[in-house]
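1. coordinates for the following, if possible.
(2 chains)
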Amino acid sequence: MSVINYASREINCKIVYYGPGLGGKTTNLEHVYARVAPDTRGKLISLATENERTLFFDFLPVDLGTIRGFKTRFHLYTVPGQVYYNASRKLILKGVDGVVFVADSQVERQEANIEAMQNLYDNMAEYGYDITRMPFVIQYNKRDLPNAAPIDELDLLLNPGFEVVDPIRQRQMADPHNPSRLLVSQLPTGEWVEHAPSIEAVAVAGDGVFDTLKAVSKLVLKSLASSS
Amino acid sequence: MSRASHWSFTQHDADAITRILLNFLQETNSRSALLVDRSGQLVTTVGEQPQFDATAFATLAAADFSANDQLAKLIGETDFTTLFHQGERDSMYVADVARRLILVVLFDQRTTLGLVRLRLKAAVAELNQVFLRPPDAQSADLGASHLLAGAEDDIDRLFS
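-> Modelled structure (predicted):
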């Protein structure tokens, strides 16, 4: 839940990086931490096990600039990748404004991707949040690996699209990150479907990390601007 | 996109909260009070300005409180409305406010846990009044739509 603080002139938003274990969620945050100016970010907090697996969450606050005199502060969180930490995964989703699903592109990780995506939908639903109606971006990570599955295949499994019922939104819309792809399109059956924006990444090298952060932050601010 | 959920914290709220918390700090001789949104965002700090990273502190305090909420449920309680962490020099007392925020009080040996606990009940009751006001009683709509109306271009520029 965004907090607009008129006293300190800040807009605070919460973004959660979700996905299967060892998919690159923490790596995304570490790259952001390493690359943004120190005066625009806080400490990177990691509640991790001895072998550096996220136990509770990683946390990084970043300032992305000023709008109308208000500082936009984004609080970035990751969740633990392993399913047996589901209780802490769920706690981190409380009050979330935008979600990034970091998928592991490797063919052999498809089952883990699907399981994590299902778990995300379930945990969001338990809070009464509808992931299909809030800022949501999918990052296909590890695109550099030889065993990376084709994007079409990943889309089919993780981003098949959800029905668009609002007539105002029933019009073709291209993906700003991939103009050859449609985010909103009409099926031959007449139904309109919308896909989450997706970004290809190699988080360990920093490729796609900031594109992902920008995409989800922009969606969060735009959804705030259109709220009433 | 659906309507984003948000809440606004106005200057009017800030003044009321500062007054309540300053009064509480004086009565109990506590060092500082931090008000934190349940999702981990620091709303305000009153009293001695902390020498630590208050943003990180707020996030960890909210996570701590949420984790304890779940522990309460596991043992059959609805929730733990307060938590106490005792240190050698500094201690902290954490209390729920209006099911939306948590109040963290930092104190040292200049006061006692009993006094903090006693006075905190009244302070939390006053804070609840501020945050439980019906929406129509809140000062003018200072929501996100008001602030960001027509800001689409500004948002685009921010990310260009």
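2. and the closest residue to chain B within chain A, what helix or strand is that in?
-> Proximity of chain A to chain B (CB to the nearest CB) peaks at A:Gly95, 2.7 Å away. C-beta coordinates here come from the backbone N, C-alpha and C atoms, glycine included. Counting by DSSP states H and E, A:Gly95 is held by no secondary-structure element, helix or strand.
3. can you tell me the closest non-neighbouring residue to it?
-> Nearest-residue entry for A:Gly95: B:Ser39, 2.7 Å, with adjacent residues in sequence omitted and distances by CB to CB, 6 or more residues apart in numbering or on different chains.
4. helices of chain A, start to end?
-> Secondary structure of chain A by DSSP state H: the helices cover A:25-35, A:86-93, A:110-126, A:151-158, A:209-225.
5. count of residues packed around residue 58?
-> No chain was given, so I picked chain A. Using other CB atoms under 10 Å in any protein chain shown, A:Asp58 is surrounded by 24 other residues.
6. other chain: chain B
-> 24.
7. identify the bridge partners of A:Tyr18.
-> On the basis of DSSP bridges, A:Tyr18 is bridged to A:Phe101.
8. and it, what is it in contact with?
-> A:25, A:78-79, A:89, A:93, A:99-102, A:116, A:120 (CB atoms under 8 Å, 6 or more residues apart in numbering or on different chains).
9. roughly how far apart are A:Glu194 and A:Val16?
-> 21 Å (CB to CB, to the nearest Å).
10. neighbour count winner among these two?
-> The residue with more neighbours, out of A:Glu194 and A:Val16, is A:Val16; 25 against 19, by other CB under 10 Å.
11. isn't the more buried one up against A:Tyr77?
-> Yes - using CB atoms under 8 Å, A:Val16 is in contact with A:Tyr77, at 4.9 Å.
12. confidence-wise, which helix or strand of chain B is lowest on average?
-> Using mean pLDDT, DSSP states H and E, helix B:144-148 stands out as the lowest-scoring helix or strand of chain B, at a mean of 71.
13. OK, contacts around the most centrally placed residue in chain A?
-> By CA atoms, centre = their mean, chain A has its centre lying nearest to A:Val100, at 0.8 Å. Applying CB under 8 Å, 6+ apart, we find A:Val100 in contact with A:15-18, A:28, A:136-139, A:212-213, A:216.
14. which residues does A:Lys14 form a beta bridge with?
-> A:His75.
15. in chain B, what residue comes closest to chain A?
-> Counting by CB to the nearest CB, chain B gets nearest to chain A through B:Ser39 (2.7 Å).
16. ok, that residue touching B:Ala61?
-> No - contact between B:Ser39 and B:Ala61 fails when scored by CB under 8 Å: they sit 11.8 Å apart.
17. low-confidence regions, chain B specifically.
-> B:1-5, B:134-145 (pLDDT under 70).
18. residue boundaries of the helices in it?
-> Using DSSP H, the helices of chain B run over B:11-28, B:54-74, B:113-131, B:144-148, B:152-158.
19. show me which residues of the second one are buried.
-> For helix B:54-74, the neighbour count (16 or more other CB atoms under 10 Å in any protein chain shown) marks B:54-66, B:69 as buried.
20. of those, just say which sits nearest to A:Val3.
-> For those, the minimum distance to A:Val3 (CB to CB) is 10.9 Å, reached by B:Ala58.
21. hmm, the closest one is touching B:Thr44, no?
-> No - using CB under 8 Å as the test, B:Ala58 is too far from B:Thr44 to be in contact (10.3 Å).
22. overlap in contacts of the two?
-> What both B:Ala58 and B:Thr44 touch, as defined by CB under 8 Å, 6+ apart, is the set B:Leu34.
23. please identify the buried residues of stretch A:109-124?
-> Quick answer for stretch A:109-124 (16+ other CB under 10 Å): A:109-110, A:112-113, A:116-117, A:119-120, A:123-124.
24. wait, stretch B:112-124
-> Using 16+ other CB under 10 Å as the test for burial, stretch B:112-124 gives B:116, B:119-120, B:123-124.
25. then stretch A:183-201?
-> The neighbour-count criterion (16+ other CB under 10 Å) identifies A:183-185, A:192-201 as the buried residues of stretch A:183-201.
26. got TSV for the residues you listed, with pLDDT too?
-> Listed next are these as TSV, based on pLDDT from 0 to 100:
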residue	pLDDT
A:Leu183	92
A:Val184	93
A:Ser185	89
A:Trp192	93
A:Val193	94
A:Glu194	94
A:His195	94
A:Ala196	95
A:Pro197	94
A:Ser198	94
A:Ile199	95
A:Glu200	96
A:Ala201	98
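27. of these, which pair is most distant in space?
-> Based on CB to CB, the longest span within the buried residues of stretch A:183-201 runs between A:Trp192 and A:Ala201 and measures 28.2 Å.
28. quick test: name the residue nearest the centre of chain B.
-> Nearest to the mean C-alpha position of chain B, by CA atoms, centre = their mean, lies B:Leu35 at 2.4 Å.
29. state the pLDDT value of A:Ser223.
-> Reading off the confidence values, A:Ser223 has pLDDT 89.
30. by contact count, what packs against the biggest strand by length in chain A?
-> As assigned by DSSP state E, the longest strand anywhere in chain A is strand A:54-67. Here strand A:54-67 touches helix A:25-35, strand A:45-48, strand A:70-78, helix A:86-93, helix A:209-225, helix B:54-74, helix B:152-158, going by 3 or more CB pairs under 8 Å, 6 or more residues apart in numbering or on different chains; DSSP states H and E.
31. name every strand pairing with the shortest one and say which way it goes.
-> What that stands for is strand A:45-48. strand A:54-67 (antiparallel).
32. can you tell me the average pLDDT over the strand it pairs with?
-> Average pLDDT, strand A:54-67: 91.
33. including distance to A:His177, could the buried residues of helix B:54-74 go into a markdown table?
-> Formatted as a markdown table, these follow (distance: CB to CB, whole Å):
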| residue | distance to A:His177 |
| --- | --- |
| B:Ala54 | 35 |
| B:Thr55 | 30 |
| B:Ala56 | 32 |
| B:Phe57 | 36 |
| B:Ala58 | 33 |
| B:Thr59 | 30 |
| B:Leu60 | 34 |
| B:Ala61 | 37 |
| B:Ala62 | 32 |
| B:Ala63 | 32 |
| B:Asp64 | 37 |
| B:Phe65 | 37 |
| B:Ser66 | 34 |
| B:Asp69 | 38 |
